[in-house]
Structure formats: C-alpha cells, structure tokens
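Q: Sharing a model that was predicted from the sequence below.
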Amino acid sequence: MVETLRQKGIGDEAVLKAMEEVPRHWFLDSALDAFAYEDRALKISCEQTISHPSTVAMQSQLLCLQPGMKVLEIGTGSGYQAAILCKMGAKVFSVERQKGLFDKTRALLAELGFRVRCFLGDGYQGLQEVNYGPYDRIIVTCGAREIPKALMQQLKTGGIMVIPLGEEEQEMLRITKNGPAEEEWKVETFGAYSFVPMLDGRQMR
Ligand code: SAH
C-alpha cells in the first residue's frame, strides 16, 4: 500500500511510516479483509465509508503536522484517520455525529491503545461545549457545503485546516489562518474528491 501511495505523490515520510504501522483492516469488518490494502473507499457501519488510503494520506500530508500538535477531526467514522494522526504524535480530538459509530469507534480506539478523545456532536459547531481549543490543525473528513465559521474560530492563528468543500463532489482545500479576518486566510486547492456529506445535528442511533 505504501508503494502505491508513493506513486500517487505522497512523499511525507512521517505519513507513510504511520500508514505502514497502523493496519487498516483493524478498522473494517473482517468480511472486507481482502480489500483492506487496496486504494479504495469501503463501507463501515451507519451507511458511512472509510476514505481511500490515498485520501487519508493526502489529508494527513496537507496538515503539515508536528508531533505534539492539537488536532481536531470532524467525522471520526471508522477511527482510521484519527489513529494515523495519533501515530504521528498528534493529540487528537475527534467528533462524530452518529451515536452508533461514536460508541463503536470510541471503544475500538481505546482497545487498540490509541489515545484519541472522541466526542458525539455536530462538527459544524466544532467542539464548543468542551473547551480544549484552539487547535493547531483541523481536519474535516466529510464533504462540507461551506467553510464552518465555528471551526475557523477554534483554529489557532497560524493554524491549518484541511477540508473537502462542495456538495456533489468536493475540492480539497488547505486554509492557513494568518489572522482572524477572512481576508487573512490563505486558501490553496488540491483537486477533486468524493466524500460522504457533512450533515447537521446529531443522529442518536
Ligand atoms: N475519518 C473517517 C471518515 C469517515 S466518513 C475514517 O477514517 O473512517 C465521514 C464521517 O463524518 C461519517 O462517519 C459521518 O457520520 C461523519 N459526519 C458527517 N457530518 C458530520 C458532522 N456534522 N459532525 C460530525 N461528524 C459528521
């Protein structure tokens, strides 16, 4: 899998090392074991998907992460992306809106020894009820129709947010917050992706 990632332009050795060390099949139903190391998105529970390994690698690389940084992830899903960031030395806070996935993945991450702090909530609001912010980095792993203002507020000045933006198809954005005002945000684009949508509110099943 790591060779495929290199061929697809992933050059960040810290990302490649983490992806080599964290088995992706741990985060999937065992019926999917045979496909776990192919570069494809796969079904997890609650009608959601685990992203392509190349998408996980690309988003991780775009974050320009340093060990010890505080990272907020929106869309815990299977927990795979959170585990990769944790392996790279980040302090990871992750929000999921579906209770079924939140319960399952929080237990799995703890069982596997990944110290990811998991929260049930609507990621459009970031982590407002618990004040762990501001964050050095924010990664959104579902397709957002707009840049969530609350998330930009919870990002440190000088911080980076990686977010797929768009409804049907998304464009991968890296936003560097050079100051509080929108005019001070540097926005770079990194091509088209297809994510499950970012939805409002919590879902309690
Ligand atoms: N990072 C995940 C990707 C899961 S797919 C992984 O590595 O497996 C995206 C996830 O985002 C889904 O689980 C979906 O339920 C969740 N999601 C969608 N809208 C959300 C929101 N507003 N707040 C939090 N999570 C959300």
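A: Good, I have the coordinates.
Q: start to end distance for stretch 19-34?
A: Using Cα to Cα, to the nearest Å, the end-to-end distance of stretch 19-34 comes to 17 Å.
Q: And the contacts of that stretch?
A: Counting contacts by Cβ atoms under 8 Å, 6 or more residues apart in numbering, the residues outside stretch 19-34 that touch it are 1-2, 5, 36-37, 42-44, 50, 53, 56-57, 78-80, 83-84, 87, 108, 112. All C-beta atoms are positioned from the backbone trio N, CA, C, and that covers glycine.
Q: packing partners for the longest strand anywhere in the chain?
A: In the chain, taking DSSP state E as the definition, the longest strand is strand 155-165. For strand 155-165, the helices and strands in contact under the criterion 3 or more Cβ pairs under 8 Å, 6 or more residues apart in numbering; DSSP states H and E are helix 53-62, strand 135-140, helix 149-153, strand 170-177.
Q: Quick one, which of those gets closest to Leu72.
A: Shortest distance between Leu72 and the helices and strands packed on strand 155-165, using Cβ to Cβ, is found for strand 135-140: 4.4 Å.
Q: Quick one: list the elements packing against that closest one.
A: For strand 135-140, the contact count by 3+ Cβ pairs under 8 Å, 6+ apart identifies strand 70-74, strand 155-165 as packing neighbours.
Q: Now mean neighbour count too, for those strands, in CSV please.
A: Listed next are the helices and strands packed on strand 135-140 as CSV, based on neighbours: other Cβ atoms under 10 Å:
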stretch, mean neighbour count
strand 70-74, 24
strand 155-165, 20
